[in-house]
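A.B. asks: Got a sequence here, can you build the structure:
(one chain, ligands or ions: 2)
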Amino acid sequence: MVEVIDLCTGCVQVITNPICPHCFSNQVMTWARDKNLSKQEIDSIRKQLRTLVNEAEETPSSTRCIICGSKRVNLCIYCFTNKAFRIVEKNTNNTVTNEFNEDFDTKIWTLR
Ligand SMILES: [Zn+2]
Ligand SMILES: [Zn+2]
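C.D. replies: Ligands and ions are numbered 1, 2, ... in the order given. Alright, predicted model coming up:
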């Protein structure tokens, strides 16, 4: 049986480490809560992440998330990190944005 492999709707590459937008945004929020951000910053990051998740989930997918097992992965982790980065960049300062880059460059790839 041939397994259907969905391509990322962002960069059209095969999704190798499938994590759904929902689980990924949870990772981002967990990360953001450790960063001493103001409630306002946290709130607007959460709001914009939710929009991102909703948009991503509009596209049907048959790729299963390695964390929650639901079939809604249609964005690769690179594209999602990129989009989340822009949200963090818009809502915080340089220090936090740099930390996001460092943390998500290393941490997220080793996620199981
Ligand atoms: Zn992609
Ligand atoms: Zn998931």
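
A.B. asks: ok, now which ones touch Pro21?
C.D. replies: Taking C-beta atoms under 8 Å, 6 or more residues apart in numbering as the criterion, Pro21 is in contact with Leu52, Val53, Ala56, Glu57, Arg72, Val73, Leu75, Phe80. In this view, the C-beta of every residue, glycine as well, is placed from N, C-alpha and C.

A.B. asks: err, Phe104, not the other one
C.D. replies: Applying C-beta under 8 Å, 6+ apart, the residues near Phe104 are Trp31, Thr81, Ala84, Phe85.

A.B. asks: Compare the residues you listed and tell me which is most surrounded.
C.D. replies: With neighbours taken as other C-beta atoms under 10 Å, the top of the contacts of Phe104 is Ala84, carrying 25 neighbours.

A.B. asks: quick one: contacts for the closest residue to it other than its chain neighbours?
C.D. replies: The shortest distance from Ala84 to any non-neighbouring residue, by C-beta to C-beta, 6 or more residues apart in numbering, is to Val28 (5.0 Å). By C-beta under 8 Å, 6+ apart, Val28 lies in contact with Ile45, Leu49, Ala84, Val88.

A.B. asks: In which helix or strand does Val28 reside?
C.D. replies: helix 21-33 (DSSP states H and E).

A.B. asks: That helix and ligand 2, are they touching?
C.D. replies: Yes. Using C-beta under 5 Å from the ion, helix 21-33 comes into contact with ligand 2 via Cys23.

A.B. asks: average pLDDT across the following helix or strand past that helix?
C.D. replies: Using DSSP H and E, the helix or strand that follows helix 21-33 in sequence is helix 39-57. Averaging pLDDT along helix 39-57 yields 94.
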